[in-house]
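Undergrad: Got a predicted structure here, sequence first:
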Amino acid sequence: MKPTFYITTAISYPNGAPHIGHAYEDMATDVIARFMRLDGYDVRFLTGTDEHGIKMLQTARKEGITARELADRNSARFIEMTKLLGLSNDDFIRTTEERHKTSCQAIWEAMEKNGDIYLNKYAGWYSVRDEAYYAEEETVVSEDGIRFGAQGTPVEWVEEESYFFRLSAYQDKLLALYEAQPDFIGPDERRNEVISFVKSGLKDLSISRTTFDWGIPVPGNPKHVMYVWVDALTNYITALGYPDMQAELFQKYWPALHIIGKDIVRFHTVYWPAFLMSAGVPLPRRVYAHGFLFNRGEKMSKSLGNVVGPQEMVDAYGLDPVRYFFLREVSFGQDGSYSHEAIVARMNADLANNLGNLAQRSLSMIAKNLGGVLPVPGALTDADEAILASTYGLLAACREAFATQQIHQALNAIWGVLGEANRYFDAEAPWTVRKTDEARFATIMWVTAEVLRNVGILIQPVMPGSAAKLLDLLALDEAARDFAHLGEAGKLTGGVALPAPVGIFPRYVEKAAS
RNA sequence: GGCAGUGUAGCUCAGUUGGUUAGAGCGACGGACUCAUAACCCGUAGGUCGGCGGUUCGAUUCCGCCCGCUGCUACCA
C-alpha cells in the first residue's frame, strides 16, 4: 500500500477577487502535492474558501447583496482560479457547507466536554454601525471627545457575552510540542517567533460573537455564532470526514502538512494544535509558512495600482512559465519580488535557452540524421557516465529539498544539471562527430535524450503541461513518467520512433512599442 | 521600547566550524562555434563581504557598539 500524504492551503477569505498572493500559495502547494504523487504517495490535496465573519457581511452590505450571495459569487471565482492554475486539488471546501457546520459543532462540543470552553464577557470598543470591535489603538478620539473606530464610525465600550477557549491551559503543552517535534513549524524563524510568543504567556481566546449571525451557531446557544478560528481552522478535518474519525479519508490522510502565509502562523501553530489537543484529535504533521510577494519590491496595494491578477499573468506569459517563475525565483518561505523583466529573464534564460533549446537541438538532430528513431547507445565514455551520474542524482537532491519545502532548491539542482548537459553537448560536438563516427554520434544523442527524459519527469510537478510535451517528444509511455522510472530503472531503450520535434518553451519577445 | 533575524559583485543569492587568489546564476562586455529557439560554449566583472572598535599570528566568518532593513510583540482575515 502506498504511503499517504495530506496537504492543504489556507482557505481564502473571499470578500474580494483572488490575487497573485492566493495564486502563489495555491501553485506552491500544488507543486508539492504533484511531487509527492509522482514519488509514490497517495496524496490528498485540499483548498477552499473561508466564508463567514463580519467582513463578508460588511462587504456584502456595501454591494447591496446578502453575505450568502457574496460568498457564492466570490467562492466561484476562487474555484475558477484553481482551474486557471491547473491545480490538482482533490477537494474544495467552503465553510458554508453543511458538512462543515456539523464538523465545527462537533469539535466545539468536544472541547466543551473537555472543560475548555466557558461563558464570560468580552469587552472592547464596539461600533454599532460596523458591527465590529476595534482594538484600542485602532480608535481615535476626536476634539469633541467622541471616539471613532477604524472605519470612522463612533465606537462605545461594550461588554458582550462570549464563549472563551481556555488557551491559557495549553501553554506548557504547546511548548512541549515545539520541543518534541522541532519540525512542527517551518521555516525556523517562524518557529522561534511562535515559541517566544507562547512563552510570553497565553490568554484565553474569545471564540463566539452575538453581534452578528453570519457564522456557525454555537451548539446549545444559537444566540452565538462561532468566531473566526474555530470555524476556519476546522476545515482541514471537515474535509476528511470529521467528526467521524473512523471515516476512510480521515483514517487514511490525517495528519496534514499545512501550507500557509506567514501572517497566519500563530493561528495554525498555537490555536489550532490547542483546539485539537482539547478535542482529542491528533495534531498536524507540520505547518510551513511562505512569504509575501512584492511587485518590484513594493507591497501590492489597490492605491498603488500595482495589483496584478493571476488571469492577466497567465494570459501574458502562459501558465507553466508563471508557475516556474514563482517557484524558482522566490525562495519558498521568504518574501519575493516579481516584475515583468524578471519573469521574462527566467522564461528566456532557463526555459527557452537552457532547456528548450537543448531539447530542440538534440531532438532535431535525431530527426534529421537518425530518421527520427531514438538510437541505441554504444559503450559509454567517462563524459557520458559523468552527465548521467549527475542526472541520476537529481531525485535524491529533489527529495531532500521537498522534505523541507525548499522547492526553489530542487529547481536549482535541476537547472544545474541542464547547464552541465549543455556543456556536455557542446564538448562532444555531435554535429562534427556525426560525419566521422556514427556510433559515437548515436551514443551522444541517446545520452542527451536520457537527460531530457529525467528532467522532463522531474519538472512535471512545476510545469505539468510543458513536461508532458517534452516527454511526448521522447515517446515516453504515460505509465513510465513517475519517479520510480527515474535513473537506470526507466532508461530509454533505443529503436523507438520519435514524433517530429516541436518547440516547447518559446522565447518571450517584447512586443514592439505601441 | 523588548525579542528575533538580516545587510556579500549592477540584480537575485550561496558560502567561509576564522587562514593562501570570496563563489553561482542573470545582466553587461570580449571571443569562439554554427547542431539549435541570435540559442549553446569559453573568457572578463578587480566587490572596503553595512560602519566603527575589540579578541587573535590572522576576521567577511567570533565579541561589542552604531546605522539600515524585516518579522514578532494575540482576538482583521
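TA: That came through, no problem. Numbers count the residues shown, from 1 in each chain, chains lettered A, B, ... in the order given.

Undergrad: Average pLDDT for stretch A:240-247, rounded please.
TA: Stretch A:240-247 shows an average pLDDT of 96 in the prediction.

Undergrad: now do stretch A:445-459
TA: So the average pLDDT for stretch A:445-459 ends up being 97.

Undergrad: which parts of the stretch 201-350 of chain A sit against RNA strand B?
TA: Counting by Cβ under 7 Å from any atom of the strand, the residues of the stretch 201-350 of chain A lying close to RNA strand B are A:201-207, A:227-228, A:232, A:262-264, A:266, A:297, A:329, A:331, A:334-337, A:345, A:348-349. Just so you know, the C-beta spots here come from the backbone N, C-alpha and C atoms, and that holds for glycine as well.

Undergrad: Toward the C-terminus, what is the element adjacent to the worst-scoring helix or strand of chain A on mean pLDDT?
TA: Scoring the helices and strands of chain A by mean pLDDT, DSSP states H and E places strand A:298-299 at the bottom, with a mean of 64. Next in sequence after strand A:298-299, counting helices and strands by DSSP states H and E, comes helix A:310-317.

Undergrad: Okay, buried residues for that following helix please.
TA: By neighbour count with 16 or more other Cβ atoms under 10 Å, helix A:310-317 contains the buried residues A:310-311, A:313-314, A:317.

Undergrad: Of all residues in the stretch 1-150 of chain A, which one is closest to RNA strand B?
TA: residue A:13 (2.6 Å; Cβ to the nearest atom of the strand).

Undergrad: Next up, phi/psi of that residue, please.
TA: phi -90, psi 110 (degrees, to the nearest 10).

Undergrad: contacting residues around it?
TA: Counting by Cβ atoms under 8 Å, 6 or more residues apart in numbering, residue A:13 touches A:49-51, A:53, A:55-56.

Undergrad: quick revisit: nearest to RNA strand B, of the buried residues of helix A:310-317?
TA: Using Cβ to the nearest atom of the strand, residue A:317 comes nearest to RNA strand B of the buried residues of helix A:310-317, at 13.9 Å.

Undergrad: all helices in the stretch 401-514 of chain A, in order from the N-terminus.
TA: For the stretch 401-514 of chain A, the helices defined by DSSP state H, counting those that start in this stretch occupy A:407-428, A:430-436, A:438-458, A:464-473.

Undergrad: how about these in JSON lines, adding distance to RNA strand B and mean neighbour count?
TA: Formatted as JSON lines, the helices of the stretch 401-514 of chain A follow (distance: least, Cβ to the nearest atom of the strand, whole Å; neighbours: other Cβ atoms under 10 Å):
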{"stretch": "helix A:407-428", "distance to RNA strand B": "3", "mean neighbour count": "18"}
{"stretch": "helix A:430-436", "distance to RNA strand B": "3", "mean neighbour count": "14"}
{"stretch": "helix A:438-458", "distance to RNA strand B": "10", "mean neighbour count": "23"}
{"stretch": "helix A:464-473", "distance to RNA strand B": "9", "mean neighbour count": "19"}
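
Undergrad: How about the residues of the stretch 1-150 of chain A by RNA strand B?
TA: Going by Cβ under 7 Å from any atom of the strand, the residues of the stretch 1-150 of chain A near RNA strand B are A:13, A:50, A:53-55, A:133-135.

Undergrad: Quick one: these as TSV, columns for distance to residue A:154 too.
TA: Putting these into TSV (distance: Cβ to Cβ, whole Å) gives the following:
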residue	distance to residue A:154
A:13	27
A:50	29
A:53	22
A:54	17
A:55	20
A:133	14
A:134	11
A:135	16
